[in-house]
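In: would you be able to build a 3D model of this:
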Amino acid sequence: MFHKILIANRGEIALRIIRACKELGIKTVAVHSDVDSESLHVKLADQSVCIGSAPSAKSYLNIKAILSAAEITDADAIHPGYGFLSENAEFAEICEKCGITFIGPSAESMRLMGDKISARRTVTEAGVPILPGTKDNVATVEDAVKIAEEIGFPVIIKATAGGGGRGMKVVYSQVHLPNAFAAARTEAEAGFGNPDVYIEKFCENPRHVEIQILADKHGNVIHLGERDCSIQRRHQKLIEEAPCPVLSEDLRQKMGACSVAAAKKVGYDSVGTMEFLLDKNNNFFFMEMNTRVQVEHPVTEMVTGVDVIKEQIRSAAGEPLRYTQDDIKISGHAIECRINAEDPVKFTPFPGKITAYHTPGGLGVRVDSFVYDQYTVLQHYDSMIAKLIVHANTREEAIKRMDRALDEYIIEGIKTTIPFHKRIMNNKDFIDSNVDTGFLERE
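Out: Got it, this is the predicted structure:
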């Protein structure tokens, strides 16, 4: 096992990793930008190192500074969390060359599954269903028109290196395709340094369902069931729950088996997530794989009792999985609300000083956060300041518990999305589970 882990991240995920490390008896190092020194992860780590100025490119994305911090603190592993360098294959390779364990999958797995085209090819070979689409990147608008006509409108153009909705355009007719194609390539180049795009059939009004994977370096792979992430705004998840309310046990097992087969196909050996679209007829299609821990992992932890972060660390240390598939049982229902420092109507960032702070409590309530009373939310980083998670015996009870917990969550001095989440918990369509990825736009 590792003796000291450097967390190459900030915010709630850095604090989440520190907590797991403490319970495993591992020392921790927090890195931070010069403006981030008051964050809770810095205060609770065993050591902390300033690695640069406020812009992420000069701190949390500064590979040289992070590796220097690992060297001077004698850290033997680096946990990247999510975002920032978590899916950077080059960073994983550099860590390996420096004799530092990267807590995540191999660089080869990241490259294979990070490129959407190669991922589609790979999962197809493993027997996973995909939407009709191109097997290679589409280079010209003439090719795009021809392919779209063959597939049939509507189609969606996606960046091969994409994520978070960037480089993604839905096209309903040929007349709009040239402009959408150009815009997608421009966004892809600006966002990922790679203009390549591909085209696939657009699945209308699907649910977004994902399968949590655990794998080790000994060839063992299992899944921890699914999460429903259909409540989204501009492809950004806002609420997640487990299990998916409309998934039968038979469909759960099919999606889980496909996910395990795909992970084995690429020799995957860490925590990861297979993401799927589920149409109104309960047909599921592979969308992408996230080769890292995800924001919404707590809902899976709540319904399975498995500490995903600890298992990720154990796997990176070479330990075999402590669970078989038969050990995994889904118990009750969990819901997570992402609490952002944003205007709850306009969804625009609202940084500033928190003048009063009180977290909810009670049976089945969990808060993952890095902020506190008198903390100043910074404008330089993602606006998510907390995750509120609840667990109950049934989905109905979980919704009521979340509604109650949101009432108790007091954050003053800034605006947050708590009122938005309150509205969702009292929305009849959400309560009846009559939702899909277009739910918020329709509402």
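In: and residue 96, how far is that from residue 320?
Out: Note on residue 96: its distance to residue 320, by Cβ to Cβ, to the nearest Å, is 21 Å. Yep, even glycine has a C-beta here, placed from its N, CA and C like the rest.
In: please apply the same query to residue 33.
Out: Using Cβ to Cβ, residue 33 is found at 38 Å from residue 320.
In: the two: which is more packed in?
Out: Taking other Cβ atoms under 10 Å, residue 33 and residue 320 do not tie; residue 33 has more neighbours (23 against 12).
In: and the pLDDT at the more buried one?
Out: Predicted confidence (pLDDT) for residue 33: 98.
In: if you skip the residues just before and after it, what's nearest to it?
Out: residue 59 (3.8 Å; Cβ to Cβ, 6 or more residues apart in numbering).
In: isn't the one you found right up against residue 35?
Out: No: judged on Cβ atoms under 8 Å, residue 59 makes no contact with residue 35 at a distance of 9.0 Å.
In: mind jotting down where the strands sit in the stretch 151-300 of the chain?
Out: Taking DSSP state E, counting those that start in this stretch as the test, the strands found in the stretch 151-300 of the chain are 155-163, 166-171, 197-201, 207-215, 221-233, 236-242, 272-278, 284-290.
In: what's the closest of the ones you listed to residue 328?
Out: strand 221-233 (5.8 Å; Cβ to Cβ).
In: which strands and helices lie in contact with that closest one?
Out: When contacts are defined as 3 or more Cβ pairs under 8 Å, 6 or more residues apart in numbering; DSSP states H and E, strand 221-233 sits against strand 207-215, strand 236-242, helix 249-265, helix 297-304, helix 439-442.
In: wait, which of these is closest to residue 29?
Out: Checking the helices and strands packed on strand 221-233 against residue 29 by Cβ to Cβ gives helix 297-304 as the closest, at 22.1 Å.
In: tell me which residues touch the residue nearest to residue 116 when sequence neighbours are not counted, please.
Out: Nearest non-adjacent residue to residue 116, counting by Cβ to Cβ, 6+ apart: residue 160, 4.8 Å away. Contacts for residue 160 (Cβ atoms under 8 Å, 6 or more residues apart in numbering) come out as 115-117, 137, 188, 194, 196-198.
In: quick one: which of those residues has the most company?
Out: Using other Cβ under 10 Å as the neighbour criterion, residue 197 leads the contacts of residue 160 with 29 neighbours.
In: that one and residue 188 touch, don't they?
Out: Yes: between residue 197 and residue 188 there is a contact at 5.9 Å, judged by Cβ under 8 Å.
In: ok so, going back, residue 59 and residue 35: which is more packed in?
Out: When neighbours are counted by other Cβ under 10 Å, residue 59 comes out ahead of the other of residue 59 and residue 35, with 24 against 17.
In: how close does that one get to residue 405?
Out: In terms of Cβ to Cβ, residue 59 sits 33 Å off from residue 405.
In: can you tell me how far the residue most central in space within the chain is from residue 207?
Out: By Cα atoms, centre = their mean, the mean C-alpha position of the chain lies nearest to residue 294, the distance being 3.2 Å. Remark: distance between residue 294 and residue 207 (Cβ to Cβ) = 17 Å.
In: ok, residue 10 next?
Out: To residue 207, residue 10 is 31 Å away according to Cβ to Cβ.
In: what's the answer for residue 3, then?
Out: Look at residue 3 and residue 207: by Cβ to Cβ, they are 43 Å apart.
In: neighbour count winner among these two?
Out: Taking other Cβ under 10 Å, residue 3 and residue 207 do not tie; residue 207 has more neighbours (24 against 11).
In: now do the more buried one, the pLDDT please.
Out: 97.
In: that one and residue 277: what is the separation?
Out: Remark: distance between residue 207 and residue 277 (Cβ to Cβ) = 7 Å.
In: swap in residue 363?
Out: Separation of residue 363 from residue 277 (Cβ to Cβ): 35 Å.
In: pLDDT weak spots in this protein?
Out: Applying pLDDT under 70 to the chain flags residues 162-164.
In: how is it carved up into domains?
Out: For the chain, automatic domain parsing gives the domain ranges 4-103, 132-201, 207-442.
In: ends of the shortest one, what's the gap?
Out: One end of domain 132-201 to the other measures 6 Å (Cα to Cα, to the nearest Å).
In: start at 300, not 1
Out: Got it, the first residue is 300 from now on, which makes the last one we talked about domain 431-500.
In: pull the distance from that domain to the chain's centre.
Out: 23 Å (Cα atoms, centre = their mean, to the nearest Å).
In: could you do stretch 607-626 as well?
Out: Chain-centre distance of stretch 607-626: 19 Å, with Cα atoms, centre = their mean.
In: hang on, the earlier thing: what sits in contact with each of residue 358 and residue 334?
Out: Residues touching both residue 358 and residue 334 (Cβ under 8 Å, 6+ apart) are residue 352.
In: would you format the domains of the chain as CSV with distance to residue 420 included?
Out: Putting the domains of the chain into CSV (distance: least, Cβ to Cβ, whole Å) gives the following:
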stretch, distance to residue 420
domain 303-402, 18
domain 431-500, 6
domain 506-741, 10
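In: measure how buried residue 673 is and give me the count.
Out: Neighbour number of residue 673 under other Cβ under 10 Å is 12.
In: in a strand, it, correct?
Out: No: in this structure, residue 673 is coil, not part of a strand, as judged by DSSP: H, G, I helix; E, B strand; the rest coil.
In: residues in contact with it?
Out: 652-654.
In: so it versus residue 627, what's the distance?
Out: For residue 673 relative to residue 627 (Cβ to Cβ), the value is 42 Å.
In: got a markdown table for the helices and strands packed on strand 520-532, with distance to residue 348 too?
Out: What follows is these, written out as a markdown table (distance: least, Cβ to Cβ, whole Å):
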| stretch | distance to residue 348 |
| --- | --- |
| strand 506-514 | 31 |
| strand 535-541 | 31 |
| helix 548-564 | 34 |
| helix 596-603 | 26 |
| helix 738-741 | 40 |
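In: ok, back up a step: my guess is the residue nearest to the centre of the chain meets residue 382, correct?
Out: No: shown here, residue 593 and residue 382 do not form a contact pair, counting by Cβ under 8 Å, at 10.3 Å.
In: on that earlier part again, between residue 662 and residue 576, which has more neighbouring residues?
Out: residue 576 (22 against 8).
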